[in-house]
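Enquirer: 3D model of this:
(one chain, ligands or ions: 1)
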Amino acid sequence: MPGKKVVALTGAGISAESGIPTFRDAGGLWEGYDVTEVASPEGWSKNPEMVLDFYNQRRKKALEVLPNPGHKFLVDLEEYFDMVVVTQNVDDLHEKAGSTKVIHLHGNLFQSRSTLDPNLIYEIQGWELNIGDKCEKGSQLRPNIVWFGEMVPSMDLAIQETLSADIFIVVGTSLVVYPAASLLEYVGDSVPKFIIDPDLPEIPNKPNLNLINKKGSVGMKLVYEKLVSHYQ
Ligand code: OAD
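Expert: Purely as a prediction, here's the structure:
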């Protein structure tokens, strides 16, 4: 059974090879959509139909795609390590691949939430959430996504996990959105850190940093082999 703790912070890049476009690469998700319109409380008040439609399209796409080897290597590591995946992604590809401990910092595409009582959270069946879909107290449902300017409820848990990590992996994130990006600051100096990205983000120089300039599937294979042979 697993001994050392491995925490992996993932972003849109890990789902890129499954066919879900990233946010900030050319042709990224926001193209054609103004971020402030589709991912903010202000945008929701102004045009809820547009916001629901945006996430309906994302959900439809997420239902069509499959996890890729990048996700699967994180599952395979569970055989050797106490694995925790902290993801900024709202898709369910980590779960579909088989990861058992996944913290979704930015919410979940397949859940809706009451606009009256944030504790009322429901699973979405299929891909549509529409105007008129209401919680048990009669108020409109919104996607259970953390929008810009909103609190990140799972951040404390993610920080706790990060503080106890023996090994830290980052896959496919531009590390520009906070507080998610700040998790790296909680990783101890002596902890080996593996950063996988075909277009590596800027990272302050830290001890024990291993930069892997590859896409998720290739980089995760390298890291998987290294961890299993050196760090168990
Ligand atoms: P970004 O789109 O900002 O960054 C994606 C990263 O993935 C970039 O660094 C790419 O170089 C990298 N990438 C591209 N293809 C890859 C591949 N095949 N394998 C590995 N990496 C690859 O996405 P995030 O950092 O996840 O928030 O964005 C953070 C947050 O910004 C998102 O969670 C979202 C957005 O606003 C919300 O929706 C609240």
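Enquirer: what is the neighbour count of P207?
Expert: P207 is flanked by 10 other residues according to other Cβ atoms under 10 Å. Every C-beta, even on glycine, is put in place using the N, C-alpha and C of the backbone.
Enquirer: these two touch, right, it and V187?
Expert: No. Using Cβ atoms under 8 Å, P207 makes no contact with V187, being 10.1 Å away.
Enquirer: pLDDT of stretch 70-88, averaged?
Expert: Mean pLDDT, stretch 70-88: 98.
Enquirer: kindly report the same for stretch 215-232.
Expert: 96.
Enquirer: same check, this time on stretch 52-67
Expert: On average, stretch 52-67 scores 95.
Enquirer: begin at 25, not 1, for the rest of this chat.
Expert: I'll keep to 25 as the first residue from here, and by that count the last item is stretch 76-91.
Enquirer: in that stretch, what counts as buried?
Expert: By 16 or more other Cβ atoms under 10 Å, the buried positions in stretch 76-91 come out as L76, D77, F78, Y79, N80, R82, R83, K85, A86, P91.
Enquirer: output those in CSV; the columns should cover distance to the ligand and secondary structure.
Expert: As requested, the buried residues of stretch 76-91 are arranged in CSV below (distance: Cβ to the nearest ligand atom, whole Å; DSSP: H, G, I helix; E, B strand; the rest coil):
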residue, distance to the ligand, secondary structure
L76, 15, helix
D77, 16, helix
F78, 10, helix
Y79, 10, helix
N80, 15, helix
R82, 9, helix
R83, 13, helix
K85, 14, helix
A86, 13, helix
P91, 13, coil
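Enquirer: give the contact list for the closest residue in space to R82 that isn't next to it in sequence.
Expert: Distances taken as Cβ to Cβ, 6 or more residues apart in numbering put L133 closest to R82, at 5.9 Å, once the chain neighbours are dropped. Neighbouring residues of L133 by Cβ atoms under 8 Å, 6 or more residues apart in numbering: Y79, R82, R83, A86, V114, D115, D116, I148, P167, I169.
Enquirer: A strand includes L133, no?
Expert: Yes. Per DSSP: H, G, I helix; E, B strand; the rest coil, L133 lies within a strand segment.
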